[in-house]
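Enquirer: Fold the following.
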Amino acid sequence: MAFQPPIEEIAFTLDKIAGLDGALAGGIFGDLSSETVAAILNEAGRFAADELAPINRTGDRVGARRDNGSVMTPPGWAEAYRRFRAAGWNGIVAPEAWGGQSLPVMLGMAVQELWNAGAAAFAVGPMLTGGAIEALAAHASPSLKELYLPRLASGEWMATMNLTEPQAGSDLGAVRTRAERAGDGTYRLFGQKIFITFGEHDFTDNIVHLVLARLGDAPEGTRGISLFLVPKRIPNADGALITRNDVVCAGIETKLGLHGSPTCTMLYGGNGDGAVGWLVGEENRGLACMFTMMNSARLSVGIQGIGVADRAYADALSYARERRQGRAPGADGAGMSPIVDHPDVQAMLLRMKAMTAAARAICYLTANAIDLSRRGNEVGWPRHADRAGLLTPIAKAFATDIGIEVASLGIQVHGGMGFIEETGAAQHLRDVRVFAIYEGTNGIQAIDLVTRKLKLAGGDAVKSLLGELAAIAAAAEMSNRSGLGETGKRLAAALGHLRAATDFLVAALDRGEVGEALAGATPYLRLFALTLGGALLAKGGLASEDEGKWTALARYFAETIVGETAALATTVTGGSAALRQAAFAVLSNGE
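Expert: Predicted coordinates:
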């Protein structure tokens, strides 16, 4: 089916649920108007539908290929990137001082959703460049900013993130790539990095690698990691590319999905002289600099999950309306019914839709907190920064988990045809699967939420958010909108479960029982996300002009999905003993 971007739903979520309309009215984004926002969304939707969606299947079937050290993206991809760059999409949230448009992160995330719905494997390249812009703008020297940021913001050059090594995945303290001081202010890097997305490609003449490495006299562990900028080609002061650096792509991976995106093994210093690099930030403080990029990327990865989920839902709905099978209850006339009329298929489609809408609302709310932390008044800055910190692991983990669930349901709706590559339903599941793994696995996001984020601002960050959710639940319960059904009551019950689980985890951490807390971290994140997502959909139902789609969606989520919070709370507060016993009895080899 032809891809039809959900512009109306994106705009409503931005405005009425995540708070963009209030921010615009308050002048937080300067002279940005709702008309301009609408124009940007519509044009982004057109580009996603007309330029990216048509190359998505080619990217999956052909994939990226490597030949004599060069990497070629699938047919039509480099040309699509040139049009992407010419349209100015690469720098829409980049600082205006460096050639960007300084648009809100909220709008940037909405546009990224459209890119990912169009072609997720394509969208990951510009996403990483955006994160690099943010890291360099925050931590690079003035000379590096002046040389690199305008070219990254324009899309003339692209960027990568080089963290992972064969022995150092999630544990960055094990990084072995080494850096040596050259005596002229530059450094020489030696080592290998793996799983480097768009590490080599034919989109741009230069690729800017941000690389974690360790100096010879650095402390052990993460306290001894530095961040370096290592260009594929070394430019002179005016940006002309003069020298090929000692960094090469040694191979690309054969992957489950995202076939059009080259995932590279990168070698630094293989010729013996070392790859020339420039320090970003301070020596041995590189992880803090890289986390600027990683935190940005984590929300963007959540958006990736939403984009693919929405595309999977749209494809499944279209198929269900066309495919006829059996006789649905109450069917009129002769012949078979469209499968969309069968209650089981309706339930699957509605779960896909409701979960995607909830995840979108959470991600956009997170982006709103980031915007307010950067542009709001100084008094409110810490509160919004804490809100963004609290929400980021939830947004990343929940949205990517939902992407996987929705894509899997999409295959089920297609039936046997979903298992056949011809329909494209299988590609969505293959593409989305990695999002729960990279930029910090979803288990790591849960650990971050429980061990670090629950105690932000002395616990006030989570208390403040729960108070706002309680107000939404109360408003839904008191509303005279009959279409909301028991939404308020179900949300109030979920909030009770979330508060009890939160108190339990905080108490366990206060007692030093970290294992007890971590045993419940993943179900706790899910519990938090379902409660938050349900409340945000209820907010949308209350804000809609009539008792139509948004009211019905809020009720469906509250009355069929939010009830899962009771079981999750039980697992959080009582599952650690069972986990320990089973781990010893089943996983320990009897030792």
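Enquirer: Each with direction, which strands does the longest strand along the chain pair with?
Expert: Longest strand in the chain, counting residues (DSSP state E): strand 187-197. If you go by DSSP bridges, strand 187-197 pairs up with strand 178-181 (antiparallel), strand 263-268 (antiparallel), strand 275-280 (antiparallel).
Enquirer: how distant is the shortest one from the center of its chain?
Expert: The one in question is strand 178-181. Put simply, strand 178-181 sits 33 Å off its chain's centre (CA atoms, centre = their mean, to the nearest Å).
Enquirer: Now do the buried residues in it.
Expert: Within strand 178-181, the residues that count as buried by 16 or more other CB atoms under 10 Å are 178, 179, 180. Any C-beta I mention is one placed from the backbone N, CA and C, and that applies to glycine too.
Enquirer: I'd like the residues you listed as a markdown table, with distance to residue 463 and pLDDT appended.
Expert: Listed next are those as a markdown table, based on distance: CB to CB, whole Å; pLDDT from 0 to 100:
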| residue | distance to residue 463 | pLDDT |
| --- | --- | --- |
| 178 | 45 | 95 |
| 179 | 44 | 96 |
| 180 | 49 | 97 |
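Enquirer: Poorly predicted segments of the stretch 101-250 of the chain, please.
Expert: Residue ranges of the stretch 101-250 of the chain with pLDDT under 70: 169.
Enquirer: residue ranges for the strands of it, please.
Expert: Counting by DSSP state E, counting those that start in this stretch, the stretch 101-250 of the chain has strands at residues 158-162, 178-181, 187-197, 207-215, 225-231, 233-235, 241-244, 247-252.
Enquirer: Just the CA trace of the second one, in CSV.
Expert: Only the C-alpha atoms of strand 178-181 are listed here, as CSV (Å, rounded to 0.1, in the frame of the first residue of the first chain):
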residue,chain,number,x,y,z
ARG,A,178,44.3,3.7,22.4
ALA,A,179,45.2,7.3,21.8
GLU,A,180,48.7,8.9,21.8
ARG,A,181,49.5,12.6,22.0
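Enquirer: sorry, back to before: so for residue 4, which of the strands of the stretch 101-250 of the chain sits nearest?
Expert: strand 187-197 (28.2 Å; CB to CB).
Enquirer: How far does that closest one sit from its chain's centre?
Expert: 24 Å.
Enquirer: Counting by contacts, list what the helix or strand where residue 83 lies packs against.
Expert: Element membership of residue 83 [criterion: DSSP states H and E] is helix 77-86. Contacts defined by 3 or more CB pairs under 8 Å, 6 or more residues apart in numbering; DSSP states H and E place helix 77-86 against helix 53-62, helix 105-139.
Enquirer: and the angle from the longest strand of the chain to helix 105-139?
Expert: Compare the direction of strand 187-197 with that of helix 105-139 by axes from the mean of the first three to the mean of the last three CA atoms, to 10 degrees and you get 160 degrees.
Enquirer: how about CSV for the helices and strands packed on helix 77-86, with distance to residue 466 added?
Expert: Output for the helices and strands packed on helix 77-86, formatted as CSV (distance: least, CB to CB, whole Å):
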stretch, distance to residue 466
helix 53-62, 40
helix 105-139, 23
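Enquirer: Would you mind finding the most buried of the strands paired with strand 187-197?
Expert: Comparing those by mean neighbour count (mean count of other CB atoms under 10 Å), strand 275-280 ranks first with a mean of 24.
Enquirer: Give me the contact list for that strand.
Expert: 135-136, 139-141, 144, 179, 182, 185-190, 210-211, 213, 226-231, 234, 245-247, 268-269, 286, 289 (CB atoms under 8 Å, 6 or more residues apart in numbering).
Enquirer: Mind doing that once more with 7 Å?
Expert: By CB atoms under 7 Å, 6 or more residues apart in numbering, the list of residues contacting strand 275-280 from outside reads 136, 139-140, 144, 179, 186-189, 210-211, 226-230, 234, 245-247, 268-269, 289.
Enquirer: still on that earlier bit, how about the strands of the stretch 101-250 of the chain in JSON lines, adding distance to residue 451?
Expert: Formatted as JSON lines, the strands of the stretch 101-250 of the chain follow (distance: least, CB to CB, whole Å):
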{"stretch": "strand 158-162", "distance to residue 451": "24"}
{"stretch": "strand 178-181", "distance to residue 451": "31"}
{"stretch": "strand 187-197", "distance to residue 451": "26"}
{"stretch": "strand 207-215", "distance to residue 451": "23"}
{"stretch": "strand 225-231", "distance to residue 451": "21"}
{"stretch": "strand 233-235", "distance to residue 451": "42"}
{"stretch": "strand 241-244", "distance to residue 451": "44"}
{"stretch": "strand 247-252", "distance to residue 451": "36"}
